[in-house]
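1. next input, structure requested:
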Amino acid sequence: IEATEFDRERIFNLGYYTWVEQQGVSVADFDRRKRQDFWTGLHALVAFTPLYDVVVGHLLNSSPEVAAAARSGLRIMTPWTAAIAYRRFHQGVLIRFQHSRPVAVGTAVRLLVLVTILTAGVLYQRVPGIVVASTAVACAVVAEAVFVGWAVRPILAERVRSAPALSLVMSDANDTVDAD
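-> Okay, the predicted model is just below:
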């Protein structure tokens, strides 16, 4: 979403209040959660470790059959987390600088890849549905992210300038936290 500086500060303060003030999360951990690699790492941690059994088997109370099938889909979807963030960020840049056409073309790229892989999966019929579907979604989003990344390059080079780092003051302390 496009937001003014005032709106971004309000969103940051809400997150800070929710996680740091109410939940007791440290400021360092709160800052780490702003980074995409945190979420991709968390996704991989759940998908590829015994933590999956705790989350899916115990917390979600899934049947062993569903949990076993879903594990492969979650593993295949690992690149999806980073690709979504990358794609959305760069789509925001495109829209901000009045270049929305590549966003629409990127959607068409995603749908074309999705339909192609799903069609191949239906025709081949030897691969489990969860594998076909998760592969289709992950590949489609990655393809769109690659396209959008290519389309935004001229705007990043010509229109987006380096901005100085922001310093935000926490509401209950005199400490400043770098917003990077």
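2. now the strands for this structure?
-> In the chain, the strands defined using DSSP state E lie at 167-169, 176-178.
3. of those strands, which shows the lowest average pLDDT?
-> Among the strands of the chain, strand 176-178 carries the lowest mean pLDDT, a mean of 49.
4. low-confidence bits of this structure, can you list those?
-> Scanning the chain for pLDDT under 70 picks out 1-5, 7-8, 11-13, 16, 19, 33-34, 159-180.
5. which helix runs longest in it?
-> The longest helix of the chain (DSSP state H) is helix 129-158.
6. what packs against that one?
-> Counting by 3 or more C-beta pairs under 8 Å, 6 or more residues apart in numbering; DSSP states H and E, the packing neighbours recorded for helix 129-158 are helix 64-76, helix 78-96, helix 101-124. Using the backbone N, CA and C atoms, a C-beta is placed for each residue, glycine as well.
7. list the contacts of the last one.
-> The one in question is helix 101-124. For helix 101-124, the external contacting residues (C-beta atoms under 8 Å, 6 or more residues apart in numbering) are 87, 91, 94-95, 127, 129, 131-133, 135-137, 139-141, 143-144, 147-148, 151-152.
8. mind giving me the PyMOL select for those residues, buried ones only?
-> Here is the PyMOL command that selects the buried residues among the contacts of helix 101-124 (16 or more other C-beta atoms under 10 Å):
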select buried, resi 87+91+94+132+133+135+136+137+139+140+141+143+144+147+148+151+152
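9. on that earlier part again, got the angle between the longest helix of the chain and helix 78-96?
-> 40 degrees (axes from the mean of the first three to the mean of the last three C-alpha atoms, to 10 degrees).
10. number the residues from 2 up from this point.
-> New numbering, starting at 2: the last item is helix 130-159.
11. chain center to helix 130-159: distance?
-> 12 Å (C-alpha atoms, centre = their mean, to the nearest Å).
12. likewise for stretch 72-91?
-> 6 Å.
13. and that stretch, what's buried?
-> 72, 74-88, 91.
14. about what we covered before: wait, which of the helices and strands packed on helix 130-159 is closest to residue 157?
-> Minimum separation from residue 157 across the helices and strands packed on helix 130-159 (C-beta to C-beta) falls at helix 79-97, 6.9 Å.
15. from the contact counts, what lies against the closest one?
-> Counting contacts by 3+ C-beta pairs under 8 Å, 6+ apart, helix 79-97 packs against helix 37-49, helix 102-125, helix 130-159.
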